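Peer 1: just coords:
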Ligand SMILES: *[C@@H]1O[C@H](CO)[C@@H](O)[C@H](O)[C@H]1NC(C)=O
Ligand SMILES: *[C@@H]1O[C@H](CO)[C@@H](O)[C@H](O)[C@H]1NC(C)=O
Ligand SMILES: *[C@@H]1O[C@H](CO)[C@@H](O)[C@H](O)[C@H]1NC(C)=O
Ligand SMILES: *[C@@H]1O[C@H](CO)[C@@H](O)[C@H](O)[C@H]1NC(C)=O
Ligand SMILES: *[C@@H]1O[C@H](CO)[C@@H](O)[C@H](O)[C@H]1NC(C)=O
Ligand SMILES: *[C@@H]1O[C@H](CO)[C@@H](O)[C@H](O)[C@H]1NC(C)=O
Ligand SMILES: *[C@@H]1O[C@H](CO)[C@@H](O)[C@H](O)[C@H]1NC(C)=O
Ligand SMILES: *[C@@H]1O[C@H](CO)[C@@H](O)[C@H](O)[C@H]1NC(C)=O
Ligand SMILES: *[C@@H]1O[C@H](CO)[C@@H](O)[C@H](O)[C@H]1NC(C)=O
Ligand SMILES: *[C@@H]1O[C@H](CO)[C@@H](O)[C@H](O)[C@H]1NC(C)=O
Ligand SMILES: *[C@@H]1O[C@H](CO)[C@@H](O)[C@H](O)[C@H]1NC(C)=O
Ligand SMILES: *[C@@H]1O[C@H](CO)[C@@H](O)[C@H](O)[C@H]1NC(C)=O
């Protein structure tokens, strides 16, 4: 499924025309016809084993590119060469430079035509639309010496993996407004394989860079593109406001691609993520707001975020996560019409003593869990800290979490809410839940230090930590054992 574009099929494209010329001059027509048929079969087979090149199959005429800004440029206007080998960093930089003068006139559009556009990291500018045509692929250069180092994110204090600076992102922006990245499903490909290998061999000295990172920016639209094989987190809006992400496909190998989260809204407000397909090597979406003492000091929450109509897969981690870095607080999150398939965990909140902050007013509605090992997870001992300077007395608050319309099949442990004496989970609600099980034993609805309620009947039967109400909201049975602990990580 995670087909990586390789020289295997690029070479015939470049060399066959020369052979064709040779054939024309030396062979008879019959031989030529047979050869063309054979070539077409092989070529067609090679194309069909690839995705992202559909435009070849429909002939050479690509879909016309719409004009979305008063001024539009073509990357080739700035010397871009889409051969997969020429470095296009300067072409992108010159284009961005030209567009940066157009703000007062409604901004500019940069069209990236079909082709493979290799580049080092570059910055966007305000009032800019980056349009990736059908068959356009921006390729991140693999050599890390081209990747600029940047100061750590203030709310993390560190690079995420190493002390000190971190690599910036392939496509980057700071203090911008009115940014659009869209297209006819063109691709930004981070060529992360080389980064994952170096990370696993521990030969990188700095934290890997994300694929697309926008910081301290607002009015952002990212739609109708494919992001794949990021070195690290794929799409990272950091301390941004008013972000819409729609019809985006995000792909990375589901194993062996460490930390390739799909989307990480981090200290962001007013975010809508909808109609996306995400299948990656870590969390598909992880809502964050900074790490321990650094996140507490920075103090920027993530709030008012809606996720809807997402289909996600995470074999290593979870479909939708909140945390574990949530020290600035996370609130007012709605997750609806979600499908999580063939994954380790469905929807997860993760935190630890030292984080501080809060996770509250979280609403999950209409979630389908299709062959997921653990469905609903709250984990309060995710003890991964930037350094010894964290304050163990800074305990997060977790409250007002609603699960409504949770369905599915092939789930091993539908619920594992592991609160603790220090971090009890408060005010959780379950309503309209029916999950088909793959492990028909007791203790699959696991709870510890949980206070809350079940409204109406649910399947499987809830843990005894929760109060029971009928469909009309009348109390049926009050729990006498909210602090009961029945957690088993072995099933
Ligand atoms: C966009 O491209 C990706 C990757 O090739 C593909 O999986 C997806 O189906 C495409 N989306 C649309 C809407 O064509
Ligand atoms: C962009 O440039 C390429 C190469 O010169 C050309 O084939 C293409 O038609 C141009 N596209 C637009 C929209 O001008
Ligand atoms: C991108 O912008 C940031 C912030 O202004 C700056 O530090 C960095 O040098 C820029 N990177 C490039 C490649 O121009
Ligand atoms: C990491 O640092 C060591 C020691 O300074 C150096 O030899 C090595 O080349 C660096 N590796 C990378 C990938 O930058
Ligand atoms: C949010 O951003 C979009 C796209 O730039 C813009 O049309 C809209 O007006 C912005 N909303 C607010 C409240 O500023
Ligand atoms: C994005 O794709 C969707 C679904 O194919 C389509 O409805 C929408 O118009 C597209 N948006 C843009 C900006 O092309
Ligand atoms: C929440 O964010 C959406 C954009 O996603 C915006 O339209 C809405 O006004 C915001 N609501 C509040 C209460 O700020
Ligand atoms: C839901 O998202 C998928 C992409 O994952 C898209 O193809 C479909 O059109 C979306 N459905 C609606 C109702 O927007
Ligand atoms: C969060 O939701 C509450 C209750 O609906 C509302 O009062 C508050 O303004 C919202 N906060 C944000 C930041 O959207
Ligand atoms: C629930 O979500 C599924 C999958 O996204 C969708 O097909 C269905 O229409 C949703 N149901 C409701 C009532 O919104
Ligand atoms: C609990 O969260 C819901 C959203 O899920 C919100 O509407 C409600 O106002 C919150 N309750 C309190 C007491 O804040
Ligand atoms: C349950 O634990 C909380 C602390 O998390 C404590 O305040 C409360 O008294 C305990 N309740 C019982 C009945 O032991």
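Peer 2: Now that the structure is in, tell me what you want to look at. Keep in mind the model is a prediction, meaning the values are calculated, not measured. Ligands and ions are numbered 1, 2, ... in the order given.
Peer 1: domain parsing for the protein?
Peer 2: Domain assignment for the chain by automatic domain parsing gives 3-51, 71-212+229-240+255-261, 283-491.
Peer 1: by mean pLDDT, show me the worst of those domains.
Peer 2: For those, the weakest mean pLDDT is recorded on domain 3-51, namely a mean of 43.
Peer 1: tabulate the domains of the chain (CSV), appending mean neighbour count and distance to residue 223.
Peer 2: (C-beta placed from N, C-alpha, C; glycine too.) Compiled in CSV, the domains of the chain are given as follows (neighbours: other CB atoms under 10 Å; distance: least, CB to CB, whole Å):
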stretch, mean neighbour count, distance to residue 223
domain 3-51, 12, 19
domain 71-212+229-240+255-261, 20, 5
domain 283-491, 20, 13
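Peer 1: for those, which one sits closest to residue 221?
Peer 2: Closest approach to residue 221 among the domains of the chain (CB to CB): domain 71-212+229-240+255-261, 4.7 Å.
Peer 1: so what's the residue in the stretch 51-200 of the chain that ligand 11 sits nearest to closest to, chain neighbours aside?
Peer 2: Here the stretch 51-200 of the chain gets closest to ligand 11 at one residue, residue 155, 24.6 Å apart by CB to the nearest ligand atom. Leaving aside its sequence neighbours, residue 155 sits nearest to residue 290 (CB to CB, 6 or more residues apart in numbering; 3.0 Å).
Peer 1: just want the phi and psi numbers for that neighbour.
Peer 2: phi 90, psi 160 (degrees, to the nearest 10).
Peer 1: so residue 369 touches residue 408, yeah?
Peer 2: Yes - counting by CB atoms under 8 Å, residue 408 is a contact partner of residue 369 at 3.3 Å.
Peer 1: what sits in contact with each of the two?
Peer 2: 346, 375, 435 (CB atoms under 8 Å, 6 or more residues apart in numbering).
Peer 1: strands of the stretch 351-491 of the chain, residue ranges please.
Peer 2: Along the stretch 351-491 of the chain, the stretches classed as strands by DSSP state E, counting those that start in this stretch are 358-379, 397-411, 413-418, 425-437, 445-448, 450-455, 467-469, 475-477, 485-486.
Peer 1: can you put these in JSON lines and add distance to ligand 2?
Peer 2: Formatted as JSON lines, these follow (distance: least, CB to the nearest ligand atom, whole Å):
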{"stretch": "strand 358-379", "distance to ligand 2": "41"}
{"stretch": "strand 397-411", "distance to ligand 2": "45"}
{"stretch": "strand 413-418", "distance to ligand 2": "51"}
{"stretch": "strand 425-437", "distance to ligand 2": "50"}
{"stretch": "strand 445-448", "distance to ligand 2": "57"}
{"stretch": "strand 450-455", "distance to ligand 2": "56"}
{"stretch": "strand 467-469", "distance to ligand 2": "60"}
{"stretch": "strand 475-477", "distance to ligand 2": "66"}
{"stretch": "strand 485-486", "distance to ligand 2": "62"}
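Peer 1: of all those strands, which lies closest to residue 118?
Peer 2: That would be strand 358-379 among the strands of the stretch 351-491 of the chain, by CB to CB, at 37.9 Å.
Peer 1: just confirm yes or no for the closest one near ligand 11.
Peer 2: Yes - Strand 358-379 comes into contact with ligand 11 (CB under 6 Å from any ligand atom), by way of 361, 363.
Peer 1: the helices in this structure, which residues?
Peer 2: 7-26, 29-48, 54-57, 89-99, 193-200, 292-298 (DSSP state H).
Peer 1: residues contacting the fifth one, please?
Peer 2: Applying CB under 8 Å, 6+ apart, the set of residues contacting helix 193-200 from outside is 4, 142, 144, 161, 204, 208, 229, 231-232, 256-258, 260.
Peer 1: wait, what's in contact with the closest residue to ligand 8 within the stretch 101-250 of the chain?
Peer 2: Across the stretch 101-250 of the chain, no residue is closer to ligand 8 than residue 247, which sits at 6.3 Å (CB to the nearest ligand atom). For residue 247, the contact set (CB under 8 Å, 6+ apart) comprises 223, 224, 275, 276.
Peer 1: just to revisit the earlier point, and the shared contacts of residue 369 and residue 408, which is closest to residue 184?
Peer 2: residue 346 (32.3 Å).
Peer 1: state the distance from the closest one to ligand 2.
Peer 2: 43 Å (CB to the nearest ligand atom, to the nearest Å).
Peer 1: ligand 11 contacts on this structure?
Peer 2: Residues of the chain lying near ligand 11 (CB under 6 Å from any ligand atom): 361, 363, 400, 402.
Peer 1: what's near enough to touch the last one?
Peer 2: It stands for residue 402. 362, 363, 364, 365, 428, 429, 431.
Peer 1: tell me which residue in the stretch 251-400 of the chain sits closest to ligand 6.
Peer 2: Closest point on the stretch 251-400 of the chain to ligand 6, by CB to the nearest ligand atom, is residue 275, at 7.3 Å.
Peer 1: for that residue, grab the count of nearby residues.
Peer 2: 15 (other CB atoms under 10 Å).
Peer 1: my guess is it meets residue 307, correct?
Peer 2: No - contact between residue 275 and residue 307 fails when scored by CB under 8 Å: they sit 10.5 Å apart.
Peer 1: so can I have JSON lines of the domains of the chain showing distance to residue 269?
Peer 2: Below are these laid out as JSON lines (distance: least, CB to CB, whole Å):
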{"stretch": "domain 3-51", "distance to residue 269": "35"}
{"stretch": "domain 71-212+229-240+255-261", "distance to residue 269": "8"}
{"stretch": "domain 283-491", "distance to residue 269": "5"}
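Peer 1: residue 240: which of the shared contacts of residue 369 and residue 408 is nearest?
Peer 2: residue 346 (26.6 Å).
Peer 1: how close does that closest one sit to residue 304?
Peer 2: 23 Å (CB to CB, to the nearest Å).
Peer 1: residues in contact with whichever residue of the stretch 251-400 of the chain sits closest to ligand 12?
Peer 2: Relative to ligand 12, the nearest point of the stretch 251-400 of the chain is residue 395 (10.2 Å; CB to the nearest ligand atom). Going by CB under 8 Å, 6+ apart, residue 395 touches 353, 355, 356, 422, 423.
Peer 1: roughly how far apart are it and residue 483?
Peer 2: 16 Å.
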